[in-house]
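Engineer: Fold the following for me, if possible:
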Amino acid sequence: MFDRSVYLLGGLSRHALCFMPCIVMNIQSAGTTIRPMHRLKEAIMPLPIGHTAIGLAAAETIQGEPSSGSRIEQFIFITVLANLPDIDTLIGLFLQGNGDVYHRGPTHSLLFALAAGYAASHAWRLWHRIPRFGFQFCSLLIFSHVAADMLLTASPVSLIWPLESNPGTGHSGWLDVMNMVLFDSFQDIGIVFVVIAYLLLLRIVRSGRTRQRLFAVVKKWGK
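Structural biologist: So this is what the prediction gives:
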């Protein structure tokens, strides 16, 4: 799964880089003054590409292998779960014309991760093309989105909903959301590179442990 994850992340990084000229033109035309320390968390806010990269890292860390499904089917399933909490944006757009009205509400909570994870772990029963992952794997993939938003952005999430709720207070219409997803993806490139570095480090650590176990077995049999 490691080689597949790195390959897919390479594709995500190329997709993000292709939008760099758009980002530069937007900044220049708006006369934006970049203040890294003041806007740090907003600058690294994960978008779909970033959440997908983080989801792949979580999947590789958990090492959950499905009993069925092609590589592309597994990738699509992981991508959907890693971005599932943001379904509240679509709900807000369809119901209120505002993607922020429900954003970071109930779907950005531990309870949602557990409930949706349970449902996702049984989704294979509905269609044979859906990969079969376990409850823990699915729940942790979904929660990786909540954790990333909580740690990498300034806006709070509703972690322990229904005991707390922190929905958005702004306004984002269809064009705002589409512009952010399509043309602000370049900001996810940093997340993608960090995840690639993490996966390489994880591979090194695991290969070292494998060699240690192998040497221990050889030494044991040699006695």
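Engineer: Quick check: phi and psi on Ile204?
Structural biologist: phi -60, psi -50 (degrees, to the nearest 10).
Engineer: actually Leu200, not the one I wrote
Structural biologist: Torsion angles, degrees, to the nearest 10, at Leu200: phi -60, psi -40.
Engineer: and what of Asn98?
Structural biologist: Per degrees, to the nearest 10, the backbone of Asn98 is at phi -140, psi 110.
Engineer: Assess the claim that it and Ser172 are in contact.
Structural biologist: Yes: judged on Cβ atoms under 8 Å, Asn98 makes contact with Ser172 at a distance of 6.5 Å. All C-beta atoms are positioned from the backbone trio N, CA, C, and that covers glycine.
Engineer: Checking the residue nearest to the spatial centre of the chain next. Helix, strand or coil?
Structural biologist: Note on the chain: the residue nearest the mean C-alpha position is His51, at 2.2 Å, using Cα atoms, centre = their mean. The local conformation at His51, judged by DSSP: H, G, I helix; E, B strand; the rest coil, is helix.
Engineer: measure it to Ile196 for me?
Structural biologist: From His51 over to Ile196 the distance is 15 Å, taken as Cβ to Cβ, to the nearest Å.
Engineer: Over to His122?
Structural biologist: His122 is 32 Å from Ile196, by Cβ to Cβ.
Engineer: Over to Pro48?
Structural biologist: 17 Å.
Engineer: and what of Thr61?
Structural biologist: Counting by Cβ to Cβ, the gap from Thr61 to Ile196 is 14 Å.
Engineer: Likewise for Trp127?
Structural biologist: 32 Å.
Engineer: Compare neighbour counts for these two and give me the winner.
Structural biologist: Ile196 (19 against 7; other Cβ atoms under 10 Å).
Engineer: same question for the helix or strand hosting the more buried one, mean pLDDT?
Structural biologist: Using DSSP states H and E, the element containing Ile196 is helix 189-222. Taken as a whole, helix 189-222 has a mean pLDDT of 78.
Engineer: swap in stretch 157-177?
Structural biologist: The average pLDDT for stretch 157-177 rounds to 92.
Engineer: Now do stretch 83-90: everything it contacts.
Structural biologist: 48, 51-52, 55, 99-100, 102-108, 112-113, 116, 120, 142, 145-146, 149, 172, 177 (Cβ atoms under 8 Å, 6 or more residues apart in numbering).
Engineer: can you give me the end-to-end distance of it?
Structural biologist: 12 Å (Cα to Cα, to the nearest Å).
Engineer: go on, stretch 93-109?
Structural biologist: End to end - Cα to Cα - stretch 93-109 spans 20 Å.
Engineer: Tell me the gap between it and the middle of its chain.
Structural biologist: For stretch 93-109, the separation from the chain centroid amounts to 18 Å (computed by Cα atoms, centre = their mean, to the nearest Å).
Engineer: In terms of helices and strands, where is Leu93?
Structural biologist: helix 87-96.
Engineer: buried residues in that helix?
Structural biologist: 88-89, 91-93 (16 or more other Cβ atoms under 10 Å).
Engineer: Give me the angle between the next helix or strand after it and helix 87-96.
Structural biologist: Reading on from helix 87-96 to the C-terminus, the next helix or strand found by DSSP H and E is helix 110-121. Computed by axes from the mean of the first three to the mean of the last three Cα atoms, to 10 degrees, the angle separating helix 110-121 from helix 87-96 equals 100 degrees.
Engineer: what comes into contact with helix 110-121?
Structural biologist: 77, 81, 84-85, 106-107, 133-143, 146, 159-162.
Engineer: Appreciated, that's everything.
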